[in-house]
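>>> Let me see the structure of the following:
(one chain, ligands or ions: 1)
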Amino acid sequence: MTLEELKRQAELSLSDLGVHDEAGVTAKFAEARETMGRERTSLVSRSTDLHFPRRVREFRNLILARGHGLVARIKENWLDATPKHLKPAAGRAFNSLRIIAEELLEEESILNIAKLGKTLELEERLDLTLPGNRRPLGSLHPVTQMQREIEEIFLNLGFRIESGPEIESVYYNFDALNIPESHPSRDDWDTLYIDSRTVLRTHTSPVQIRAMEKYGAPLYIIIPGKCYRHDNPDASHSPMFHQIEGLAIDCDITFADLKGTLDFFAKKLFGEKVRTRFQPSFFPFTEPSGEVAISCIFCGGEGCRVCKESGWIEVMGCGMVHPQVLRNGGIDPEKYTGWAFGLGIDRFAMMKYDINDIQLFFQSDVRFLQQF
Ligand code: 2NL
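Below you'll find the predicted structure:
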């Protein structure tokens, strides 16, 4: 019996087909099973065909679909409509037909072949001449880019990069740096305390003390990293910000070395035309201390809105390391002297990229970040 013949016969009752006894019932059902089996064999033999998965789906539909599938039609016309005396035989034959029909489609081989075919089918739909999907590449955060650029200059001068904990003891953050008990920066309103003896570091200086203890003199290091202060965020303040500090300790280090190094640094970073200006200042950990300004990189020193018509932009603090601070780091101030400086990386990045709000760095807005 061909498939077409089976389809036609499935629409007729057994008596219409001239089946009137048990033997006839068994034979008719057997014929149906054979036809389905043959159809499956011929299907599987074409399993490398690109349209195989679709054919499997159609075959499944043809046999098992509710209502119009062959099994459903046979149940309705050969089983349900069969006279009572043939029901037991028809029931048994139908059950075995149904189970075999399901098995025809549930064998692993046909499913696996169908899956394989599916990928072939997808590949067929792929147009390899189309341009590829663009995968957007990420980039380093602007603050990181600025940090790397500053690091590079000092690495080339022979400095090493050092790092340390962001959760720091009050001793390393304040005491060892000669910052008096009464200093306003220790206040709860300026410093984020974990407990009475532990803070989120307010600057990277504590790492300098740790490095002095660890390596002794001579010492040439820079320390980039995150710092924390109890500040409300605004265009120029963030409770988390980034600092780089530098420290040079050796025999006969003088303020002239400090000036020469920072002037070299400013010229490398902002261009050879840039000039530096040192003005006296005060920090508890340096003596003498200075404030460094560079000639305005926007107007060249003529005076503009950015430099408030002064021609200068203050960019960092510096000074000769206080003898007590050297001592606290285990270094003999009679043998060694040193200089140090500190600058805000975020502020440098704002200058370099002409950004007027520090908050933009920390909001993770891709529309902002993808510009760098
Ligand atoms: C500023 C000022 C500065 C230092 C940081 C320092 C560290 C040690 C000893 C001495 Cl361990 N000094 N660091 C020195 C002078 C200034 O930073 O305004 N930074 C943004």
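
>>> so residue 174 sits right up against residue 186, yeah?
Yes: between residue 174 and residue 186 there is a contact at 5.7 Å, judged by Cβ atoms under 8 Å. In short, each C-beta sits where N, CA and C put it, glycine included.

>>> These two: which is more packed in?
Set side by side, residue 174 and residue 186 show more neighbours around residue 174, with 24 against 18, by other Cβ atoms under 10 Å.

>>> Contacts only, for the more buried one.
Neighbouring residues of residue 174 by Cβ atoms under 8 Å, 6 or more residues apart in numbering: 183, 185-186.

>>> State the phi and psi torsions of it.
Here is the backbone geometry of residue 174 (degrees, to the nearest 10): phi -130, psi -60.

>>> can you list the residues of this protein near the ligand?
Taking Cβ under 6 Å from any ligand atom, the part of the chain that reaches the ligand is made up of 205, 208-209, 245, 247, 283, 285-286, 316-319, 321, 325, 340-344.

>>> One more pass at 8 Å, please.
176-177, 203, 205-206, 208-209, 212, 243, 245, 247, 283, 285-286, 289, 291, 316-319, 321-322, 325, 329, 338, 340-344 (Cβ under 8 Å from any ligand atom).

>>> In helices, which of the residues you listed appear?
Taking DSSP state H as the definition of helices, these contribute 205-206, 208-209, 212, 325.

>>> so where do the helices sit in the stretch 251-372 of the chain?
Taking DSSP state H, counting those that start in this stretch, the helices of the stretch 251-372 of the chain run over residues 255-270, 323-328, 345-353, 366-369.

>>> If you rank every helix and strand of the chain by mean pLDDT, what lands last?
Here the helix or strand of the chain ranked lowest by mean pLDDT, DSSP states H and E is helix 108-125, holding a mean of 62.

>>> following that one, which helix or strand comes up?
helix 142-156 (DSSP states H and E).

>>> how much does that following helix deviate in direction from helix 255-270?
Counting by axes from the mean of the first three to the mean of the last three Cα atoms, to 10 degrees, helix 142-156 lies at 130 degrees to helix 255-270.

>>> Now find how far off-centre stretch 284-298 is within its chain.
38 Å (Cα atoms, centre = their mean, to the nearest Å).

>>> in it, what counts as buried?
If you call a residue buried by 16 or more other Cβ atoms under 10 Å, then stretch 284-298 has these buried ones: 284-286, 289-297.

>>> Turn those residues into JSON lines, including pLDDT.
Shown next, in JSON lines, are the buried residues of stretch 284-298 (pLDDT from 0 to 100):
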{"residue": "284", "pLDDT": "96"}
{"residue": "285", "pLDDT": "97"}
{"residue": "286", "pLDDT": "97"}
{"residue": "289", "pLDDT": "98"}
{"residue": "290", "pLDDT": "98"}
{"residue": "291", "pLDDT": "98"}
{"residue": "292", "pLDDT": "98"}
{"residue": "293", "pLDDT": "97"}
{"residue": "294", "pLDDT": "96"}
{"residue": "295", "pLDDT": "95"}
{"residue": "296", "pLDDT": "93"}
{"residue": "297", "pLDDT": "90"}
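
>>> Much appreciated, bye for now.
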